[in-house]
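Novice: Test case, fold it:
(2 chains)
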Amino acid sequence: MKKILAKAYLWLVLVILYAPIVFIAVFSFTEAKSMGNWTGFSMNLYKNLFTGSMQNSAGLLSAVENTLLIALVASLVATLLGTVAAIGIFNMKGRKKQTMQFLLLFVFLHISQGYLTVILAHITFCTPYVVLNVLPKLSQMNPNVYEAALDLGATPFQALRKVLVPALRPGMISGFILSFTMSLDDFAVTFFTRGTIGLDTLSTFIYTDARKGGLTPELKPLMTIIFLVILAVLLVINVRSTKTSKVQ
Amino acid sequence: MNKRSSWALPYFIFLVLFVVMPLLLIVLYSLQDASGHFTFSNITKFFTDKDALSTFALSIEVALENTALCILIGYPAAYILADKSLNKSAVTVVLFILPMWVNALMRTLATAELFNMAGITLGKGTLLFGMCYDYLPFMIYPIYNQLAKMDKSYAEAAQDLGAKPHEVFWKVTMPLSMPGVISGIMMVFMPTVSTFAISEFLTNNKIKLFGTIIQENINNSMWNYGAALALFMLIIIGITTFFQGKGDDETVGGAI
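Specialist: Numbers count the residues shown, from 1 in each chain, chains lettered A, B, ... in the order given. Predicted structure coming up:
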């Protein structure tokens, strides 16, 4: 009974969480411009999206490219910077450590043109996620292993690559994924740091579009496709990881 | 060994350049008039600006309500997800984070449209629902993490010592999960105070939050007043992080 109630609760929350996404997906198969308006089944929005026969298709395409590029660069740099910083912070003591962690908190509030400023700003708010994910892995690790590697003749770089990085990898990966997600989804930071050169990510594209009045209808199929791709990737990863755990 | 603390140096320099400097600039801007002279007028303007003051109060109210709502809905969900006897698959956890990969603004627009279709007028209720919906994953994930890595033997020990199930929950599980709740609060409260686009879409511009006012000022080149407003928001958030940081240590210490 308890189990059924628990399951029902989870599903209820999930249904509410997914309602708008399903809504977008359903209305991507009709031609009407506004979202709640069903004018019969049609694949035309998908066709327009792929053939580029829609208004501002170049703008949308470059927005998608920018979003991915910025998210990738920012989360890669953040992972690198954050991991090295986490190792440093972990080895600090007392007051210095506290100051550093206090600074980390303040990054969340940072309000500050072009690619460089957007990427820098994204690195700024992504790095704490990496640091916070790598730190727990460091405290789980036996500190002597690194020293042992050095004693056995490894250069510091070898010890880093062969001992530290493998031990920290799970934290680095979850930090990277979190950074990537936050960067993809960010609107406010991009909006303020992109300047006036007309750099658009998906978020700012959608914002300008919605404020102008009508949302470009082709965004609905685009979002549906993005969602399905991610769902597929998730399922593949899951199937593979259950397979490998069975083998082990 | 101690030498490795210098590894934090690159990030420290980065933080000074891109976090401390902008913060100082905000303070500096808020204490200047448009021509760069020192003045307190931006600060005093805020305290006499009825619109800004009421929006400030409303923003904090909405952020508090949204955070409370997220805990109320998110905690049970995280608890069920972390309980091995109730949920075995890791996929269910990821399902809660997955919506974040569809652009937040797009989801918000769709939510607003759903409300329109259901004939619900956009206002504070829809704003709260929509924000809670946007930020719920940020609450569920840290609580789930904390509960999942928790040592189950504490709860079992309490049970063996004769605690009733609700006592086990309130006296053992709940206090041990506090660090997760606190980071959840931080990840929900901070962005909700400063959000602007979401509130515009969910209320059809009927309700303005503080973030919107700051953005309007900055967009209209009123940098100095905008900076002063941002400074007040910073102070509020700074105070909450201070309390949360304190609470964190206490709960961890108290639990052990």
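Novice: can you pull the pLDDT of the residue in the stretch 101-250 of chain B positioned nearest to chain A?
Specialist: Here the stretch 101-250 of chain B gets closest to chain A at one residue, residue B:110, 3.7 Å apart by Cβ to the nearest Cβ. For every residue, glycine as well, the C-beta is placed using N, CA and C. Residue B:110 carries a pLDDT value of 87.
Novice: and residue 188, how many neighbours does it have?
Specialist: No chain was given, so I picked chain A. 20 (other Cβ atoms under 10 Å in any protein chain shown).
Novice: My question was about chain B, not that one.
Specialist: When neighbours are counted by other Cβ under 10 Å, residue B:188 registers 27.
Novice: and it, what does it touch?
Specialist: Each residue near residue B:188 by Cβ atoms under 8 Å, 6 or more residues apart in numbering or on different chains is listed here: B:66-67, B:70, B:135, B:138-139.
Novice: Check the gap between it and residue A:124 for me.
Specialist: 20 Å (Cβ to Cβ, to the nearest Å).
Novice: cool, residue B:218 as well?
Specialist: Going from residue B:218 to residue A:124 by Cβ to Cβ gives 18 Å.
Novice: which one of those two has more residues nearby?
Specialist: A count of neighbours by other Cβ under 10 Å puts residue A:124 above the other of residue B:218 and residue A:124, at 24 against 17.
Novice: any idea which element that one lies in?
Specialist: helix A:115-140 (DSSP states H and E).
Novice: Please report phi then psi for residue A:153.
Specialist: Here the main-chain torsion angles of residue A:153 (degrees, to the nearest 10) amount to phi 100, psi 10.
Novice: follow-up on the earlier one: just the buried residues of the next helix-or-strand element following the helix holding residue A:124, please?
Specialist: Following helix A:115-140 in sequence order, the next helix or strand is helix A:143-151 (DSSP H and E). By 16 or more other Cβ atoms under 10 Å in any protein chain shown, the buried positions in helix A:143-151 come out as A:146, A:149.
Novice: Can you tell me what sits against the next helix or strand after helix A:143-151?
Specialist: Per DSSP H and E, the first helix or strand lying C-terminal to helix A:143-151 is helix A:156-159. Residues from elsewhere that reach helix A:156-159 (Cβ under 8 Å, 6+ apart): A:146, A:149-150.
Novice: Then stretch A:200-211?
Specialist: So stretch A:200-211 is contacted by A:59-60, A:62-64, A:66-67, A:70, A:118, A:184-187, A:190-191, A:194, A:215-216, A:219, B:103-106, B:109, B:197, B:201 (Cβ under 8 Å, 6+ apart).
Novice: now do stretch A:25-41
Specialist: With Cβ under 8 Å, 6+ apart as the test, stretch A:25-41 has contacts from A:23-24, A:42-46, A:214-215, A:217, A:220-221, A:223-224, A:227, B:109-110, B:113-114, B:116-117.
Novice: Counting neighbours, which of those end up buried?
Specialist: Of these, these count as buried by 16+ other Cβ under 10 Å: A:23-24, A:44-46, A:215, A:217, A:220-221, A:223-224, A:227, B:109-110, B:113-114, B:116.
Novice: from those residues, which ones fall inside strands?
Specialist: Among those, DSSP state E puts none in strands.
Novice: Among those residues, name the ones in helices.
Specialist: Among these, the members found in helices (DSSP state H) are A:23-24, A:44-46, A:220-221, A:223-224, A:227, B:109-110, B:113-114, B:116.
Novice: Which two of the residues you listed have the greatest separation?
Specialist: Farthest-apart pair in these is A:46 and B:116; separation 24.6 Å (Cβ to Cβ).
Novice: What is the neighbour count of the residue of chain A found nearest chain B?
Specialist: Closest residue of chain A to chain B, Cβ to the nearest Cβ: residue A:88 (2.7 Å). When neighbours are counted by other Cβ under 10 Å, residue A:88 registers 22.
Novice: Kindly report the same for residue B:51.
Specialist: By other Cβ under 10 Å, the residues close to residue B:51 number 9.
Novice: Work out for me the element residue A:70 sits within.
Specialist: Per DSSP H and E: helix A:57-90 holds residue A:70.
Novice: I'd assumed residue B:140 was in contact with residue B:180.
Specialist: No. Taking contacts as Cβ atoms under 8 Å, residue B:180 lies outside contact range of residue B:140: 9.7 Å.
Novice: Name the residues contacting each of these two.
Specialist: In contact with both residue B:180 and residue B:140: residue B:78, using Cβ under 8 Å, 6+ apart.
Novice: Please name the residues that touch the most centrally placed residue in chain A.
Specialist: Nearest residue to the geometric centre of chain A (Cα atoms, centre = their mean): residue A:181, 1.2 Å. Counting by Cβ under 8 Å, 6+ apart, residue A:181 touches B:97, B:100-101.
Novice: give me the subset of those touching chain A.
Specialist: Filtering those for neighbours of chain A using Cβ under 8 Å from any Cβ of the partner chain leaves B:97, B:100-101.
Novice: Residue numbers of the stretch 101-250 of chain B in contact with chain A?
Specialist: Checking the stretch 101-250 of chain B against chain A by Cβ under 8 Å from any Cβ, the hits are B:101-111, B:113-114, B:116-117, B:133, B:136-137, B:186, B:190-191, B:194-197, B:201, B:211, B:214-215, B:218, B:230, B:233-234, B:237-238, B:241, B:245.
Novice: what about residue A:53, how many residues close to it?
Specialist: Neighbours of residue A:53 (other Cβ under 10 Å): 11.
Novice: Please disregard the earlier target; I meant residue A:118.
Specialist: There are 27 residues near residue A:118, going by other Cβ under 10 Å.
Novice: got the buried residues for the strand or helix carrying the residue nearest to the centre of chain A?
Specialist: In this structure, residue A:181 sits in helix A:165-185 according to DSSP H and E. Across helix A:165-185, burial judged by 16+ other Cβ under 10 Å covers A:168, A:171-172, A:174-176, A:178-185.
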